[in-house]
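S.K.: here is my input, please return the structure:
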Amino acid sequence: MFRRDYLMNMIEQMTEAVGQILQLKKELKHQDALLVIDELLDKRFGISGNLIRSLSDKDLMAVLTTNGVIETDKLQAIAVTLKQESELHAELGNEDASFVSGLKALQLFMRLSLVGAEPTIANPSKEAEQLLEQLKAYELPPHAKQLQAEWLEDEGQFARAEDVLYELLEDEAVTNEEVEAFYRRLLFFEDDRLEAGGLPREEVQYGLDSLISK
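M.R.: Numbers count the residues shown, from 1 in each chain. As a prediction, this is how the structure comes out:
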């Protein structure tokens, strides 16, 4: 009962806040909308906005974990807020600020998807996909690409995961052994699932053999 009431209150607050932000955007009052976001981050999540901005996505999830239970609702709300902030900065031409907020939102959504978070405030998987599209003009840092590859594999998007892993391999951000491990994991899947993921078994085996022969 308590969690349901808490969740309903949070959904109501987020709906109201996002509606306010969208209305201010429509009125071209972007700076006012950013102030709403600052207030939201400072007052509604139990930790300061400065801490939310300074912590990495991984550390932020650790802070919002108690006795092994992740506060996924709160993290979804934070990620939604940061996504809105990213879009506002993009419309203002603040590309660096837009990228920073968008990247943290993306990584939070991918991590939430990986832990199987129930989509209460937002759907982590769909939001992550949207943010990847939004940030496609930018080169993601290696740690973000590693998380992206893990998330894509978990989503069953094997061909896309392979592409990201080879980008990391070229940049020496992962080892041959790590990519080999990816292919070996895929070999345990049924053919239908590999086909659906864009990486048929013969391509998986070819990729693995190519790495082993190096």
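S.K.: neighbours of residue 95, how many?
M.R.: 12 (other CB atoms under 10 Å). The C-beta positions use only the backbone N, C-alpha and C, and glycine is treated the same way.
S.K.: where's it relative to residue 106, distance?
M.R.: 16 Å (CB to CB, to the nearest Å).
S.K.: and if you look at residue 79?
M.R.: Taken as CB to CB, the span from residue 79 to residue 106 is 8 Å.
S.K.: so which residues of this protein form helices?
M.R.: Using DSSP state H, the helices of the chain run over 2-26, 30-43, 49-54, 57-63, 72-92, 95-114, 124-134, 142-154, 158-170, 176-186, 191-196, 201-212.
S.K.: possible to save the ones you listed as a markdown table with mean pLDDT?
M.R.: Compiled in a markdown table, the helices of the chain are given as follows (pLDDT from 0 to 100):
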| stretch | mean pLDDT |
| --- | --- |
| helix 2-26 | 77 |
| helix 30-43 | 90 |
| helix 49-54 | 90 |
| helix 57-63 | 94 |
| helix 72-92 | 94 |
| helix 95-114 | 97 |
| helix 124-134 | 96 |
| helix 142-154 | 98 |
| helix 158-170 | 97 |
| helix 176-186 | 97 |
| helix 191-196 | 97 |
| helix 201-212 | 94 |
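S.K.: please name the nearest non-neighbouring residue to residue 125.
M.R.: Nearest residue to residue 125 in three dimensions, chain neighbours excluded: residue 113, at 4.6 Å (CB to CB, 6 or more residues apart in numbering).
S.K.: hmm, that neighbour is touching residue 154, no?
M.R.: Yes - the pair residue 113 / residue 154 is scored as a contact, 7.2 Å apart, by CB atoms under 8 Å.
S.K.: between those two, which has more neighbouring residues?
M.R.: Each of residue 113 and residue 154 has its neighbours counted (other CB under 10 Å); residue 113 has more, 20 against 14.
S.K.: if I pick that one, what's in contact with it?
M.R.: Residues near residue 113 by CB atoms under 8 Å, 6 or more residues apart in numbering: 124, 125, 128, 151, 154, 155.
S.K.: next: residue 141.
M.R.: For residue 141, the contact set (CB under 8 Å, 6+ apart) comprises residue 103.
S.K.: so the protein: which segments form each domain?
M.R.: 1-137, 139-214 (automatic domain parsing).
S.K.: how far off centre is the first one?
M.R.: If I follow you right, that is domain 1-137. Between the centre of domain 1-137 and the centre of its chain there are 10 Å (CA atoms, centre = their mean, to the nearest Å).
S.K.: cool, the shortest one as well?
M.R.: Remark: domain 139-214 is offset 19 Å from the chain centroid, using CA atoms, centre = their mean.
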